Each structure stands twice: as structure tokens, then as C-alpha cells.
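Prediction below, plus the sequence it came from.
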Amino acid sequence: MSELIKPGAGVLYMKVGTHAQESLADIIKRKTKEIEDEGMAFWGYGGTTCHPLSMVQPFAEMFQKKGQPIHLIMQEMDSRHSKDPVRADQYSIDHVNWVDIPSGIHVLGSKYALVLKTLQKDKFQLHLDQTRVPVGPSAGRVGTRYLRGQVDKACLEVLDHREISNEDDAKEVDISLVAELEAPYAVFLRNKP
């Protein structure tokens, strides 16, 4: 397991692949350049399980208060996300005050974005039965149980032990990409009204 994944660490887990008609390899290349040129990148996503205000920001702030970084760890998957590659114009931390996205940052076909400080390829396994959800309505739920069905992302805390269970859920996932998040961690996206 990666040195990033140790007991007490906070990680945001996400399945990734083709998005807005762009291959994962092209997304990685573009995001790496954005970080080099702009000092950060926005990693777009959707869904409600990692809502910026109710999940990601409180989660990240909890670990930031402990002096710990937050890492986005990504599992590559086959994806056919064919949503139109519409580029967002503005972002907001609180869904009230909006700011123009810097011209060198492109985020496509997404409702939300994570704020990346770094992005690198890595290779290790995450034991989902050694994680739990630390915030929100599912707080305390073990990662294997939370990430069932259609759930493809989660805010997780790494535990010092694995849960013993008779259930036949996939407990290990292959991680291939890691990013460090920076404040404000997650933002809302929109096109100018």
C-alpha cells in the first residue's frame, strides 16, 4: 500500500475514465500542464456523494486541522461518459459568490470540481474494508459497504485495521492516479448567466 495510505489519513476515492468525450490519458496530460502553468487544476465530477459544501469541504477541513494533506486517489475504469464537453466559465466555493475560472484552466462537462495541487501516476491497492466514511449521513460506514452499486466516489478515512466480514464484496481496488488537494478543495461550476 502506498505511503499515503496510512491509519488516520483522509483520502477522497474516485473511479475515473473517459469524461466529456475525452480519454483519461488526454485528461491527465491536460491537467498536468494546467498545474505546471497555473499552479493548480480543477478535476471535474458530478453526483451527490461528494457534494462540495456538505461533504468534501468539511471532510478536507477536518484533516487540514490535524495538519494532514488530503489526497484524491483514483481507480481507472472503463467509462463511456459522452456528455457534451461544455467548458465551465465560473466557479464558486459557496454556491453564492462566483469568480471566473482562470483562462489556463479547462474543466468540461461537470457540475463540481476538486482543486488539485499535484497529479501523478502511482500504483497500489486500497483496501476498502480498512476505510470508513468520516462525515455526512453515512458517517461510520465501512468503505466496502458504502461503495456498493452505483456509488463511484467517497470521502474516506483510513483505519488501522481491516473489517472482518463474511460478505463477498471486492475489498481491494487498484489505484493508478493520485493528486493532492488544496483549499478550497471542492467548488461548484457554471457557465456565465
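Right, received. Where do you want to start?

Show me the shaky parts of the chain.
1-2, 20, 80-84, 165-170 (pLDDT under 70).

all strands for it, in order.
10-16, 41-45, 70-76, 90-92, 99-100, 112-116, 120-127, 131-132, 153-158, 172-190 (DSSP state E).

Figure out which of the ones you listed is closest to Gly140.
Closest to Gly140 of the strands of the chain, according to Cβ to Cβ: strand 131-132, at 6.1 Å. Bear in mind the C-beta positions are built from the backbone N, C-alpha and C, glycine included.

Return the list of helices and strands in contact with the closest one.
Counting by 3 or more Cβ pairs under 8 Å, 6 or more residues apart in numbering; DSSP states H and E, the packing neighbours recorded for strand 131-132 are strand 153-158.

buried ones in stretch 158-167?
For stretch 158-167, the neighbour count (16 or more other Cβ atoms under 10 Å) marks 158-159, 163 as buried.

Pipe the strands of the chain into CSV and attach distance to Thr144 per row.
Output for the strands of the chain, formatted as CSV (distance: least, Cβ to Cβ, whole Å):
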stretch, distance to Thr144
strand 10-16, 12
strand 41-45, 21
strand 70-76, 14
strand 90-92, 33
strand 99-100, 38
strand 112-116, 23
strand 120-127, 9
strand 131-132, 8
strand 153-158, 11
strand 172-190, 10
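
Tell me which of those sits nearest to Met55.
strand 153-158 (5.5 Å).

what residues does that closest one touch?
Here strand 153-158 makes contact (Cβ atoms under 8 Å, 6 or more residues apart in numbering) with 5-15, 45, 47, 49-50, 55-56, 59, 130-136, 143, 146-147.

just checking, what packs against the longest helix along the chain?
Assignment by DSSP state H gives helix 24-38 as the longest helix of the chain. Helix 24-38 makes packing contacts with strand 41-45 when contacts are defined by 3+ Cβ pairs under 8 Å, 6+ apart.
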